[in-house]
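>>> Any chance you could fold what I've pasted below:
(chains A and B)
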Amino acid sequence: MAATIPRSRGLNHRQKEAIAGYLFISPWIVGFLVFILGPVIASFYFSLTNYAVVQPPTWAGLANYRELVHDDLFWQSMKVTSLYVLFSVPLTLFFSFLVALLMNQRVQFVGFWRTIYYLPNLVPIVAGTMLWLWLLNPDYGLVNGLLARVGIDGPLWLQSTKWALPSLILMSLWGVGGPTLIYLAGLQGIPTDLYEAVALDGGGAWAKFVTVTIPQMSPVIFFNLILGIIAGFQVFAQPLIMTGGGPRYATLFVVLYLYNNAFHNFQMGYASAIAWVLFMVILVLTIITFRFSSYWVYYEGEARQKR
Amino acid sequence: MLLQAEQSPQVRVKPASLRLSRHLKEFWWIYLILIVVGVLLMAPLVWLISSSLKDQGKIFTIPPEWIPTPVRWSNYRTVFEQIPFGRFYWNSAVVTFFATTGNVVSASLVAFGFARLRFPGRDVLFLVLLSTVMIPYHVTLIPTYVLFRELHWLDTFLPLTVPAWIGGSAFNIFLLRQFYLRLSLELDDAARVDGAGPWRIFWDVVLPQSKPALGVVAIFSFLASWNDFFAPFIYLNTTEKFTLPLGLQLFQSTNSTEWNLLMVASVMTAIPCVALYFVAQRYFIQGVVFTGLKG
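Next up is the predicted model:
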């Protein structure tokens, strides 16, 4: 489609249009070169150097990557981040989809429910993090206070190596209303005649769910799954503010580790290597998810052409 | 019956009260779940507001006190005396204003180029634009930091605002492009017959029709900028230049955490976002849905 310009007539006009086109997109071109392409290349170069900002980088070859392989803290940070993504993303997906399904029944005051569930997403992340820091305080936090009233001796939450990561996962579920909003809109957009067709064939609620709801919603679920994975690997503010990565590295997320290396130890080269490994991990996971998607994601392209 | 919202074919008109009671008989358990989960989600928020109005001495009372006695409205004044909270508010407002304006202006221009004009390489460039969404922020972080350092932009608002003016976010461009593509071409052609160039078509024909989409972009840029923690955390050092999210964090580390005042500050940080939601709910939901539904 691109660059298929018939050279017959109106060339002058087309040239004018092309110039205008480049002018209109020029802010993006500049931004792309300066803030994306340039930095991506530079970052890869830095990852092959020793670089402490004050002095120019010195070539180090693959030394940073080799060091990464033997860096226990790096592996710990990958483990923490992966566990977080592994639990937080599917749990959020499951609960938000469930809530959206419930709201999509002929429930009254959908707007009211939607607002209630969405409100936590409107609290700025730092404010929310502060709030949870307090709620989860083992001695005077609300959560353990309420647990104590029903006779449960609450855990140390963020101060315990065992509970710190689950605390952050739990906290992420507070934002369940965001995806709910998306799924609800998707559910409301499913044409009712599809359900009627299943009903005519004698299908019940479960049949409708499996043969209509899930296939129709699968692109939305898929898209949010990808976004969730990408966002999950980039979590930073919560561990920085709540735990600083502790206790005993139990919440050392990979971006936090990257930040510490870059801005505390001034090992920009090493930090760049971490950034690149992270990049590759996200890329590979996204590609795998895409590949896998053809088995369960249903796109309507062909079905639509038949109508 | 449970899992989708299809209309049952034999709906007959019945007295409202009867319908309601039948409705509740059938769906009571859905309301029950929605209420229980809703209460769980709202409890932290209620606690946030209630604690912001408590006396420092009443903060840790057990059992927890949901309705503060006495109600200390003065907390909302004290917070301005304790930390330069007014300053942080102003800083956040300035940064958010320039970043949001930049995003709207640049995204609307770029999207118009991609949606309405033909030029060699357009579709390839658009694919490149889409693929940038996949690049994590942290890959570009260090070189960008070095660049800003060389430009002597560290500890200024420029790193937080200038990038918005050149391209801004790929998401915004994508969103606006899709919107422009759906606008009818007839008015464009009419204007072209009248001798209008691309700029006139953009300014007089396309932009006036695009207010809802521009609104969505503005809302999302506002939220992203207002709530951003990472970039200010990396680029700002001096306290007078802090934005609200940094100010909140400062609050926790300097004062031996006066939770009631911290909660006041949190409430006041959240208020513009909540207000925006209620004022522009329709655009808001459209925006969330759009970014989540269309890949």
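>>> The longest helix along chain B packs against which elements?
As assigned by DSSP state H, the longest helix anywhere in chain B is helix B:16-52. With contacts defined as 3 or more Cβ pairs under 8 Å, 6 or more residues apart in numbering or on different chains; DSSP states H and E, helix B:16-52 has these neighbours: helix A:72-103, helix A:110-118, helix A:125-135, helix A:142-149, helix B:259-279. Backbone N, C-alpha and C define where each C-beta goes, glycine included.
>>> What is the subsequent helix or strand relative to the fourth one?
Following the chain from helix A:142-149 toward its C-terminal end, the next helix or strand by DSSP states H and E is helix A:164-172.
>>> Then the last one?
Remark: after helix B:259-279, the chain's next helix or strand is helix B:281-293, criterion DSSP H and E.
>>> What lies in contact with that following helix?
Residues from elsewhere that reach helix B:281-293 (Cβ atoms under 8 Å, 6 or more residues apart in numbering or on different chains): A:114-115, A:178-179, A:181-182, A:185-186, A:220, A:223-224, A:227, B:171, B:175, B:178, B:212, B:215-217, B:219-220, B:276-277.
>>> And stretch A:35-52, by the same measure?
A:57-65, A:266-269, A:272-273, A:275-276, B:132, B:135, B:139-144, B:146-147, B:163, B:166-167.
>>> Tell me the buried residues in that stretch?
For stretch A:35-52, the neighbour count (16 or more other Cβ atoms under 10 Å in any protein chain shown) marks A:35-37, A:39-40, A:42-44, A:46-51 as buried.
>>> Ok, stretch B:59-73 next?
Using 16+ other Cβ under 10 Å as the test for burial, stretch B:59-73 gives B:Ile59, B:Pro64, B:Pro68, B:Arg72.
>>> Any idea how far apart the tips of it sit?
Terminal residues of stretch B:59-73 are spaced 15 Å apart (Cα to Cα, to the nearest Å).
>>> Run the contact check for it versus chain A.
Yes. Residues of stretch B:59-73 are located near chain A by Cβ under 8 Å from any Cβ of the partner chain, namely B:Ile59, B:Phe60, B:Ile62, B:Pro63, B:Pro64.
>>> Residue of the stretch 201-307 of chain A nearest chain B, please.
Closest residue of the stretch 201-307 of chain A to chain B, Cβ to the nearest Cβ: A:Phe209 (4.0 Å).
>>> which intervals of the stretch 51-200 of chain B have sub-threshold pLDDT?
Applying pLDDT under 70 to the stretch 51-200 of chain B flags the ranges B:62.
>>> Oops, could you answer that again for chain A instead?
A:1-11, A:300-307.
>>> about what we covered before: kindly compare burial across the helices and strands packed on helix B:16-52 and name the winner.
Among the helices and strands packed on helix B:16-52, ranked by average contacts under mean count of other Cβ atoms under 10 Å in any protein chain shown, first place goes to helix A:125-135 (a mean of 24).
>>> Report all helices and strands that that one contacts.
By 3+ Cβ pairs under 8 Å, 6+ apart, helix A:125-135 packs against helix A:142-149, helix A:164-172, helix A:237-242, helix B:16-52, helix B:244-254, helix B:259-279.
>>> Please list the outside residues in contact with the first one.
Under the criterion Cβ under 8 Å, 6+ apart, residues A:134-138, A:153-154, A:157, B:43-44, B:47, B:62-64 lie in contact with helix A:142-149.
>>> can you check the third one too?
Taking contacts as Cβ under 8 Å, 6+ apart, the residues outside helix A:237-242 that touch it are A:125-126, A:129-130, A:132-133, A:158, A:167-168, A:171, A:245, A:251-253, A:256, A:259, B:229-230, B:233, B:249, B:252.
>>> and the residue in the stretch 151-300 of chain A positioned nearest to chain B, how many neighbours?
Closest residue of the stretch 151-300 of chain A to chain B, Cβ to the nearest Cβ: A:Ile182 (3.3 Å). Neighbourhood size, A:Ile182 [other Cβ atoms under 10 Å in any protein chain shown]: 24.
>>> For B:Phe230, see how far away B:Ile219 is.
Note on B:Ile219: its distance to B:Phe230, by Cβ to Cβ, to the nearest Å, is 20 Å.
>>> Let me see the contact set for A:Trp134.
Contacts of A:Trp134 by Cβ under 8 Å, 6+ apart are A:Gly141, A:Leu142, B:Ser51, B:Trp259, B:Leu262.
>>> if we go to 10 Å?
Remark: with contacts taken as Cβ atoms under 10 Å, 6 or more residues apart in numbering or on different chains, A:Trp134 is in contact with A:140-143, B:44, B:47-48, B:51, B:59, B:252, B:257, B:259, B:262-263, B:266.
>>> so which of those residues comes closest to B:Thr101?
Among the contacts of A:Trp134, B:Ser266 lies closest to B:Thr101 (Cβ to Cβ), at 26.6 Å.
>>> any bit of the helix or strand encompassing A:Pro215 sitting next to chain B?
Element membership for A:Pro215, per DSSP H and E: helix A:214-232. Yes. Using Cβ under 10 Å from any Cβ of the partner chain, helix A:214-232 reaches chain B at A:Ile214, A:Gln216, A:Pro219, A:Val220, A:Phe222, A:Phe223, A:Asn224, A:Ile226, A:Leu227, A:Ile230, A:Ala231.
>>> ok so, going back, do I have it right that the residue of the stretch 201-307 of chain A closest to chain B meets A:Leu101?
Yes. Here A:Phe209 reaches A:Leu101: they are 8.4 Å apart, a contact under Cβ atoms under 10 Å.
>>> What is the burial count for residue 197?
No chain specified, so I'll use chain A. Residues near A:Ala197, counting by other Cβ under 10 Å: 14.
>>> not quite, I wanted chain B
B:Gly197 has 12 neighbours, counted by other Cβ under 10 Å.
>>> Next: A:Val123.
A:Val123: 24 neighbours (other Cβ under 10 Å).
>>> In space, what's closest to it - neighbours in sequence excluded?
B:Ala270 (4.9 Å; Cβ to Cβ, 6 or more residues apart in numbering or on different chains).
>>> In contact with the most centrally placed residue in chain B, which residues?
Nearest to the geometric centre of chain B sits B:Leu223, at 2.6 Å (Cα atoms, centre = their mean). Counting by Cβ under 10 Å, 6+ apart, B:Leu223 makes contact with A:Asn121, A:Leu122, A:Pro124, B:Thr96, B:Thr100, B:Pro272, B:Cys273, B:Leu276, B:Tyr277, B:Phe284, B:Gly287.
>>> contacting residues for the closest residue to A:Met171 other than its chain neighbours?
Leaving aside its sequence neighbours, A:Met171 sits nearest to A:Trp132 (Cβ to Cβ, 6+ apart; 5.1 Å). Residues counted as contacts of A:Trp132 (Cβ under 10 Å, 6+ apart) are A:141-143, A:157-158, A:167-168, A:170-171, A:174, A:238, A:241-242, B:44.
>>> let's see it at 8 Å
Applying Cβ under 8 Å, 6+ apart, we find A:Trp132 in contact with A:Ser167, A:Met171, A:Trp174, A:Met242, B:Pro44.
>>> Buried ones from the residues you listed, can you make that a ChimeraX selection?
The ChimeraX command for the buried members of those (criterion: 16+ other Cβ under 10 Å) is given here:
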select /A:167,171,174,242 /B:44
